[in-house]
Every structure is written in structure tokens, then in C-alpha cells.
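Engineer: I would like to see how this sequence folds:
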Amino acid sequence: MDSTRRFHFCSSDGFKLTSVMTQWSFSLTAAFGFLVSLTKSSCTQDRALQFLISFNKKPEECKEMNPMKVCSVRLNDGHLMPMLGLGTSAPSKVPKSKVEEAVKTAIDVGYRHIDSAYLYQNEEEIGRAIWKKIADGTVKREDIFYTTKVWGTFFRPELVRTSLDTSLRKLGLSYVNLYLIHFPVALKPGEEFIPKDKDGEVIFDTVDLCATWEAMEKCKDLGLTKSIGVSNFNRRHLERILNKPGLKYKPVCNQVECHPYLNQRKLLEFCKSKDIILTAYAALGTDFRKEWVNKNCPVLLKDPVLNAIAAKHGRTPAQVALRFQLQRGLVALVKSFNEKRIWENYQVFDFQLTPEDMESLDGLNKNIRYFPDEFVNHPDYPFFDEN
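Structural biologist: Below you'll find the model as predicted:
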């Protein structure tokens, strides 16, 4: 197994620093700290050159790279994915205009990774926000990493591109950076997101996930998406794709619920072994205003251990929860519609958690899921593995 992964870091003036790190033998936290010290220096560029030379890297290798203000991980297909992203799923009571404002604020703050989905029904607003920030010169299209997802009602191979085309039209984009299978359950095609019969039972569809994946591969070949991946997959689902005869592209990532109360240790180890990035949604727990959320779960950000570590570092519990995921090598998604918290959540690249902090946070795992498994009548139930 190749345990070397390439991480890329940018200073605030857009000069990119590159290092190659062996995951198991090199201190990721030390690398973060060193690179952060460079970005704060008044002679960033000169010191960056020295750093590159020390790693036998030629400075000209970095000249043509697109500027991003956060660190990125290289996916198994060669593309870069920023390790901190803005999530945009929102309770139905939140006006869509709030999403648009949040995306504009996030881009101003420095976020370059925006995560959404067909299911969220907010891509018109997100597209407007992105284009406004392109128009005012804040970013170029190539600076933004945008993710969307295909919902279960579009899993039939002939519908997979239809879903993506719909998202692209709403966004006003010619391509997305990442297209995911949202959940490993095929549903009856139609206008309803969760189609149900007269007795209130969910109506599933019989579609082979491998056939859906082949249609995803075609979308990548057509240039409609740069990368393809999955979401809410367990090890069994991943192996079904990875072992598919004639597999052309393996998933670049698996986006799952992940936070200190659900650290996904086993799934993370498996994904690392297959060079698949694990992306954490609900990294701060969840918004209990969402209709589908388990209201009986404890509030993560009130956890005393998390708060004690935050106080020690002079940070918010949210910043510590996010930093925990970054130091584990995950991509983390964080959602807020509050300007102050959007800014606060981005301030996670200028401090380090100690090995003792990491061990304490890892020990908080309780296998608590804020997002319940709704498809209990599906033949593949249960969908989620225990740690």
C-alpha cells in the first residue's frame, strides 16, 4: 500500500507551498504548524522557496498552481480538494436567501470548497453567490471546488446525467468538481424525494449500484465533473464498487457523518488503505432544527472534554472539533448561516492539538448518530457499520 499522500498549502498571498508527507511516519501537526508560521511571515515567499528546496522541490513547480487559502489533499485521480468546506444543507425554515449570503460570506473569508446536493434544493442561490464573487474579482471559477450529489430517485443509469445537468443549469456552471452518490439506496423515480405508497412505506427501486457508478464514470469522461465519489457508504458498499469488473475510476472520497461522538475509526482505516478520502459532515454535531435529526442525542459542542481542550487553546469548541478532523487527515464540512461563526470556523489552520488532545477527543466516541437510518425496510438495512 502506498501510504504517501501529497498535501498542498497556500499562504494568504496565494503562493503555494508543497510537501510530500508519509502519513504514518511524518507528523502532520508539525507540518501544519511549520507551514502556518510561513504564511504569517513578512518574507513568506523567500522562506517558502527554502522549504521547497529542502524537500528537493523546484520552485517553478508551484508557479502555475491556482491560489487557495486553505490546505488541500490530492485525490486518487490527481485533483486537489480543499480540506475545509462549507456545508449548505439547511432546515426548511431557513430562507434560501440565507444560503446565498452564507456562501458569499464564506468565499470572502477564504473558503474555496462548497458542498451541496440536488436534494438540498438551493443550487440556484449557491450559483448566484459564486457568480457574484467571480464578478467582483474575489475568485475565479477554477478557485472554487464545488460538490453536488445524485439522489436515489435518479439512480437508474439513464437518469444520472439528468440530475447532474439539472444541477449545472441551476448553478450556471459547465462542470462541478465532485459528483457523489448521495446515499446507497435507489428510490422510485419521480418528483417526490422520498416516494411512499398509500400505507406510508418508502417505495424503493431495483438498481444495481455498479450500474449507477458506470453512469457516474461517463459523467466524468464527458467533463461534466472532475471527480466522482460516494456518500454514506459503508465498507460493504465500497467493496461492491471497488470489486466491480471493468472499474474505470474508483471513488475519490466517501462523505459520511463523522465527529468526536462518531469517529468512524474503522471506516477511516479502510478508506485510507484504498486511497479514498473520508469527508466528515456533521463535524460539529448537528443543527437540531432539522426535521430528520435525532433530537435525543447529546449536544456535541457542550461536551466537557471538548470544552476543556478548547479553553486550554483559547479556541471555540467548534474550532477544536474541526481541527481534530483535519489532523486525522479528513476533509471537514462545516455549516453556518451566521457571519461571525463562518469566520470563526475558518480559523483552524493556526493552532495544533497535542497528541494528548487527540487521544482525549478520540476517546469520546459513542457511536452516536445524529442522522438516523430512515430506510429500515430496505433489504440492505442496516447501512451503517459500528466502530
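
Engineer: any idea how far residue 132 is from the most centrally placed residue in the chain?
Structural biologist: Residue closest to the average C-alpha location in the chain (C-alpha atoms, centre = their mean): residue 279, at 4.3 Å. From residue 279 over to residue 132 the distance is 26 Å, taken as C-beta to C-beta, to the nearest Å. In short, each C-beta sits where N, CA and C put it, glycine included.

Engineer: what does residue 308 give?
Structural biologist: Using C-beta to C-beta, residue 308 is found at 41 Å from residue 132.

Engineer: Same question for residue 94.
Structural biologist: For residue 94, the distance to residue 132 - C-beta to C-beta - is 20 Å.

Engineer: now residue 223
Structural biologist: 25 Å.

Engineer: Compare the two (neighbour count), which wins?
Structural biologist: residue 132 (14 against 9; other C-beta atoms under 10 Å).

Engineer: Buried ones in stretch 259-271, by neighbour count?
Structural biologist: Buried residues in stretch 259-271, counted by 16 or more other C-beta atoms under 10 Å: 259, 260, 261, 262, 263, 264, 267, 268, 270, 271.

Engineer: shaky segments in this structure?
Structural biologist: 1-70, 287-295, 373-387 (pLDDT under 70).

Engineer: Quick one: the helices in it, in order.
Structural biologist: 28-40, 44-54, 96-109, 123-135, 157-171, 209-221, 235-242, 265-273, 304-313, 317-327, 339-346, 355-362 (DSSP state H).

Engineer: Take the ones you listed and lay them out in a markdown table including distance to residue 115.
Structural biologist: Below are the helices of the chain laid out as a markdown table (distance: least, C-beta to C-beta, whole Å):
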| stretch | distance to residue 115 |
| --- | --- |
| helix 28-40 | 22 |
| helix 44-54 | 29 |
| helix 96-109 | 11 |
| helix 123-135 | 10 |
| helix 157-171 | 12 |
| helix 209-221 | 17 |
| helix 235-242 | 20 |
| helix 265-273 | 18 |
| helix 304-313 | 23 |
| helix 317-327 | 14 |
| helix 339-346 | 14 |
| helix 355-362 | 23 |
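
Engineer: closest to residue 370 out of those?
Structural biologist: Residue 370 lies closest to helix 317-327 among these, at 13.1 Å (C-beta to C-beta).

Engineer: What helices and strands are in contact with that closest one?
Structural biologist: helix 28-40, helix 304-313, strand 331-334, helix 339-346, helix 355-362 (3 or more C-beta pairs under 8 Å, 6 or more residues apart in numbering; DSSP states H and E).

Engineer: what angle do the last one and helix 265-273 make?
Structural biologist: Using axes from the mean of the first three to the mean of the last three C-alpha atoms, to 10 degrees, one finds that helix 355-362 and helix 265-273 are set 120 degrees apart in direction.

Engineer: what packs against helix 355-362?
Structural biologist: helix 304-313, helix 317-327.

Engineer: can you tell me which of these comes nearest to residue 71?
Structural biologist: Of all the helices and strands packed on helix 355-362, helix 317-327 comes closest under C-beta to C-beta, at 7.8 Å.

Engineer: What residues sit buried inside the closest one?
Structural biologist: So helix 317-327, judged by 16+ other C-beta under 10 Å, has buried residues 317, 318, 319, 320, 321, 322, 323, 324, 325, 326, 327.

Engineer: so the fifth one makes contact with residue 258?
Structural biologist: No: under the criterion of C-beta atoms under 8 Å, residue 321 makes no contact with residue 258, lying 10.3 Å away.

Engineer: which of the helices of the chain sits most buried?
Structural biologist: helix 317-327 (a mean of 25; mean count of other C-beta atoms under 10 Å).

Engineer: which phi and psi does residue 173 have?
Structural biologist: Torsion angles at residue 173 (phi, psi; degrees, to the nearest 10) stand at phi -110, psi 160.

Engineer: mind listing what it touches?
Structural biologist: Going by C-beta atoms under 8 Å, 6 or more residues apart in numbering, residue 173 touches 127, 130, 141, 146.

Engineer: List the contacts of the third one.
Structural biologist: Neighbouring residues of residue 141 by C-beta under 8 Å, 6+ apart: 130, 134, 173.

Engineer: Could you do the second one as well?
Structural biologist: When the contact criterion is C-beta under 8 Å, 6+ apart, the partners of residue 130 are 103, 107, 114, 139, 141, 144, 146, 171, 173.

Engineer: just the last one next, same as before
Structural biologist: Residues touching residue 146, when contacts are defined by C-beta under 8 Å, 6+ apart, comprise 114, 116, 126, 130, 171, 173, 176, 177, 178.

Engineer: Turn the residues you listed into a markdown table, columns for distance to residue 332.
Structural biologist: Putting the contacts of residue 146 into a markdown table (distance: C-beta to C-beta, whole Å) gives the following:
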| residue | distance to residue 332 |
| --- | --- |
| 114 | 14 |
| 116 | 16 |
| 126 | 19 |
| 130 | 21 |
| 171 | 23 |
| 173 | 24 |
| 176 | 20 |
| 177 | 17 |
| 178 | 15 |
